[in-house]
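1. Whatever this is, show me its structure:
(2 chains)
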Amino acid sequence: MDPRQPVIVGVHATEQALSLPHHTPMDLAVAAVRGALADAGLTTDQVDGAQLDWPGPGAPGDGSSWARPFGGRLRWTSDAMLDNAGVRGLLKAAAAVRAGYADVVVVGGCRLVTRGAGNQPVGAGRSLEFTDVWGAYVVPQFALVAARHMHDFGTTGEQLASVAAMVRNNGTDNPEAMMFGRGPYTAADVLASRLIATPLHLLDCCVVGEGGAAMVVTTAERARDLPGPAITVLSGSMEYRQAAYVNPALYREVGRIGEAAARRCLAVAGVSVHDIDAFSLYDPNSFEIIRQVETLGLCREGDGGPFAVSGAVTRDGGHPVNPDGGCLAHAWNGTQQLTLRVIEAVRQLRGSAVHQVPDAELAVVANAGSGAQHYEMCVLGGPS
Amino acid sequence: MSRPVPEPSSLSEPFWAAAGRGELVVPRCTACGLRFFTPEPICPSCWSPDWRYEPCSGRGTVYSVTVVHRSPGPGFTVPFALAVVDLAEGPAVLSHVVGIAPERVTIGMPVRVRFHRLTDTITLPCFAPDEA
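-> Below you'll find the model as predicted:
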């Protein structure tokens, strides 16, 4: 193996809850960073790259704010919210590590959603001239895509509800999940929950809460000196259509987002989608799971509804999706839920997941989706 | 509190001025002819900075629709029909379909622009079923 092959050697998720009133975002960011470094067997003075949320004074996106807490040792930072989390953050850290710009990069932090208007699209502290006036917040944007898919392919509300129930029930018996102990749900329960924006009912949509997460990326060579298993970042790819929420999401433009990323990512890793043992997909709503099983190539465009309710994506199925409960039931906390998707895949490959897929050796992680008009995906490999 | 009100920029001011006169206009690139929305400094297809607002018929077809039940915030009456409308001349625009029960709006429905005065300075181009 290339000695600079990027690997994930540490992960940490803080408590995830509806509200963590006794914690500040800085507490949670620090806890996430310290936890991930401890998990890796590293200390803060061994870090030379930081893609971390800065919940302190100054510009929130300015990664250089972390340079002082890291003792002036940083060689690599980021300046953008979505570079500090999830697959995008992971891939940028991995690229820096492989290229030799840094050796140990921590990605993550905590960015809490402000309560109040609550339905604002992520990143819309800025006003969106042709969006806000129509009330086109995040859920209706995704709903517009789902509605067209239903029109074009006959996907049903019952199929969405069945998928929602299945993934939510993975969170029912996950002690870390916000929805731990709630449910189990049936499709009928989901359909009976109040409508948010057709076709999406409340229980078709992910939770909203608070919490942080972080991960540590280093080289395979460095990982040999560390106590824990090294999870290999085998490949990655992203897609962008346009800036999120400035223009509405149209199925004919965004419906297949992720298809090109999947083809490229799987080809670079040298595997087929059918070789993947566990899928950790971004599920802001049930429709996005139906859409992604199509774009990943598990079934044809339009067949995602029947495929997703066939048993194929249950935690015992041939293509388990979100065995931990996903964003639907485990957590959604502003941006670090993107990192939690990576963490679930890492745990699956370490053999330490709450709902372990037997002998998992390859995992796919994917973030964002049609309504958000961007997509990031990676293939991770277990320790050899 | 009231609904979020668009704050026109130098790019969008002619759009809102036209809406105030009961006219629907969209950017059209002088170099390549593309009609696009929302207004941007350069044509998204050929990158030319030369485009101008041109009038449209106001007719279109519903490309997708969602009935919003959970209010986005102050100033909205739910449920309402949030729709993407394919203008006859292109492009697609986001709007509300009014003049019909929201749950009766269907994909493929022909619609025509209907202007709704939001404030003294902003008039919104909504759409209603096109009876013609």
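2. Please report the distance of whatever residue of chain B ends up closest to chain A from A:Leu144.
-> Closest residue of chain B to chain A, Cβ to the nearest Cβ: B:Pro72 (3.4 Å). For the C-beta atoms, the positions are set from N, CA and C on the backbone; glycine is no exception. Noted for B:Pro72: a distance of 14 Å to A:Leu144, by Cβ to Cβ, to the nearest Å.
3. Pick out whichever of those two has more residues nearby.
-> More crowded of B:Pro72 and A:Leu144, by other Cβ atoms under 10 Å in any protein chain shown: A:Leu144, with 28 against 25.
4. To which secondary structure element is that one assigned?
-> Counting by DSSP states H and E, the element that carries A:Leu144 is helix A:138-153.
5. Could you name the helices and strands sitting against that helix?
-> Contacting helix A:138-153 under the criterion 3 or more Cβ pairs under 8 Å, 6 or more residues apart in numbering or on different chains; DSSP states H and E are the following elements: strand A:195-197, strand A:200-201, helix A:251-254, helix A:286-295, strand B:59-68, strand B:80-87.
6. which parts of that helix are buried?
-> Neighbour-count burial for helix A:138-153, counted by 16 or more other Cβ atoms under 10 Å in any protein chain shown, picks out A:138-151, A:153.
7. Check stretch A:45-64 too.
-> In stretch A:45-64, counting by 16+ other Cβ under 10 Å, buried: A:Gln46, A:Val47, A:Asp48, A:Gly49, A:Ala50, A:Gln51, A:Leu52, A:Asp53, A:Trp54, A:Pro55, A:Pro60, A:Gly63.
8. What pLDDT is listed against B:Phe36?
-> Looking at B:Phe36, its pLDDT stands at 97.
9. Quick check, A:Gly56 in contact with A:Trp66.
-> No - A:Gly56 is beyond contact range of A:Trp66, at 9.3 Å (criterion: Cβ atoms under 8 Å).
10. In the chain, what residue spans correspond to strands?
-> You didn't say which chain, so I picked chain A. Using DSSP state E, the strands assigned to chain A run over residues A:6-13, A:49-52, A:76-77, A:105-109, A:195-197, A:200-201, A:213-219, A:231-240, A:278-280, A:362-369, A:374-381.
11. right idea, wrong chain: chain B
-> Under DSSP E, chain B gives strands at B:25-29, B:51-55, B:59-68, B:80-87, B:92-97, B:110-117, B:123-129.
12. Save the buried residues of stretch A:45-64 as CSV, and put in distance to A:Ala363 and pLDDT too.
-> Shown next, in CSV, are the buried residues of stretch A:45-64 (distance: Cβ to Cβ, whole Å; pLDDT from 0 to 100):
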residue, distance to A:Ala363, pLDDT
A:Gln46, 27, 98
A:Val47, 25, 98
A:Asp48, 27, 98
A:Gly49, 23, 98
A:Ala50, 25, 97
A:Gln51, 21, 97
A:Leu52, 24, 96
A:Asp53, 25, 91
A:Trp54, 30, 88
A:Pro55, 30, 81
A:Pro60, 31, 64
A:Gly63, 28, 80
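13. Any idea how many residues pack against A:His374?
-> A total of 21 residues lie near A:His374 under the criterion other Cβ under 10 Å.
14. and A:Leu112, how far is that from chain B?
-> 19 Å (Cβ to the nearest Cβ, to the nearest Å).
15. ok, that residue - contacts?
-> Contact analysis of A:Leu112 by Cβ atoms under 8 Å, 6 or more residues apart in numbering or on different chains lists A:Pro25, A:Leu28, A:Glu210, A:Asn333, A:Gly334.
16. re earlier: among the helices and strands packed on helix A:138-153, which is the most enclosed?
-> helix A:286-295 (a mean of 28; mean count of other Cβ atoms under 10 Å in any protein chain shown).
17. Export the helices and strands packed on helix A:138-153 as JSON lines, with columns for mean pLDDT and distance to B:Ala31.
-> Converted to JSON lines, the helices and strands packed on helix A:138-153 look like this (pLDDT from 0 to 100; distance: least, Cβ to Cβ, whole Å):
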{"stretch": "strand A:195-197", "mean pLDDT": "98", "distance to B:Ala31": "38"}
{"stretch": "strand A:200-201", "mean pLDDT": "98", "distance to B:Ala31": "41"}
{"stretch": "helix A:251-254", "mean pLDDT": "98", "distance to B:Ala31": "22"}
{"stretch": "helix A:286-295", "mean pLDDT": "98", "distance to B:Ala31": "34"}
{"stretch": "strand B:59-68", "mean pLDDT": "98", "distance to B:Ala31": "25"}
{"stretch": "strand B:80-87", "mean pLDDT": "98", "distance to B:Ala31": "21"}
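18. closest one to A:Arg168 among the ones you listed?
-> Closest of the helices and strands packed on helix A:138-153 to A:Arg168 is helix A:286-295, at 9.0 Å (criterion: Cβ to Cβ).
19. of all of the stretch 251-384 of chain A, which residue lies closest to chain B?
-> Nearest residue of the stretch 251-384 of chain A to chain B: A:Tyr251, at 6.6 Å (Cβ to the nearest Cβ).
20. tell me the contacts of that residue?
-> Applying Cβ under 8 Å, 6+ apart, the residues contacting A:Tyr251 are A:Leu144, A:Val145, A:Arg148, A:His149, A:Asp152, A:Ser370, B:Ser64.
21. pretty sure A:Phe130 is in contact with A:Asn247, am I right?
-> Yes - when contacts are counted by Cβ under 8 Å, A:Phe130 is listed as touching A:Asn247 (7.5 Å).
22. got the residues of the stretch 151-300 of chain A near chain B?
-> A:151, A:194-200, A:246-248, A:250-252 (Cβ under 8 Å from any Cβ of the partner chain).
23. OK, contacts around A:Pro248?
-> Listed by Cβ under 8 Å, 6+ apart, the contact partners of A:Pro248 are A:Thr131, A:Ala136, A:Gln141, A:Leu144, B:Val84, B:Ala92, B:Leu94.
24. cool, A:Gly302 as well?
-> A:His149, A:Asp152, A:Phe153, A:Gly154, A:Thr155, A:Glu294.
25. quick revisit: comparing A:Phe130 and A:Asn247, which residue is more hemmed in?
-> A:Asn247 (25 against 20).
26. Tell me which residues touch that one, please.
-> A:Phe130, B:Phe37, B:Thr38, B:Leu94.
27. first vs last residue of stretch A:354-366, how far apart are they?
-> 19 Å (Cα to Cα, to the nearest Å).
28. Return the residues of chain B in contact with chain A.
-> B:3-9, B:12, B:37-38, B:63-73, B:76, B:79-80, B:82, B:84, B:92, B:94-96, B:103, B:107, B:118, B:122, B:124.
29. Drop anything exposed from those.
-> B:3-6, B:12, B:37-38, B:63-70, B:72-73, B:76, B:79-80, B:82, B:84, B:92, B:94-96, B:107, B:118, B:122, B:124.
30. which stretches of chain A form helices?
-> A:25-40, A:86-99, A:138-153, A:157-172, A:187-192, A:220-223, A:251-254, A:259-269, A:286-295, A:304-308, A:337-350 (DSSP state H).
31. Just send those helices back as CSV, with distance to B:Arg112 too.
-> Below are these laid out as CSV (distance: least, Cβ to Cβ, whole Å):
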stretch, distance to B:Arg112
helix A:25-40, 48
helix A:86-99, 42
helix A:138-153, 20
helix A:157-172, 30
helix A:187-192, 34
helix A:220-223, 62
helix A:251-254, 22
helix A:259-269, 36
helix A:286-295, 30
helix A:304-308, 34
helix A:337-350, 42
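32. Which among these is found nearest to B:Glu131?
-> B:Glu131 sits nearest to helix A:138-153 of all the helices of chain A, at 22.7 Å, using Cβ to Cβ.
33. Report the mean per-residue pLDDT for that closest one.
-> On average, helix A:138-153 scores 97.
34. what does stretch A:219-228 give?
-> Here the average pLDDT along stretch A:219-228 is 96.
35. For it, buried residues please.
-> Result for stretch A:219-228 [16+ other Cβ under 10 Å]: buried residues A:Thr219, A:Ala220, A:Arg222, A:Ala223, A:Leu226, A:Gly228.
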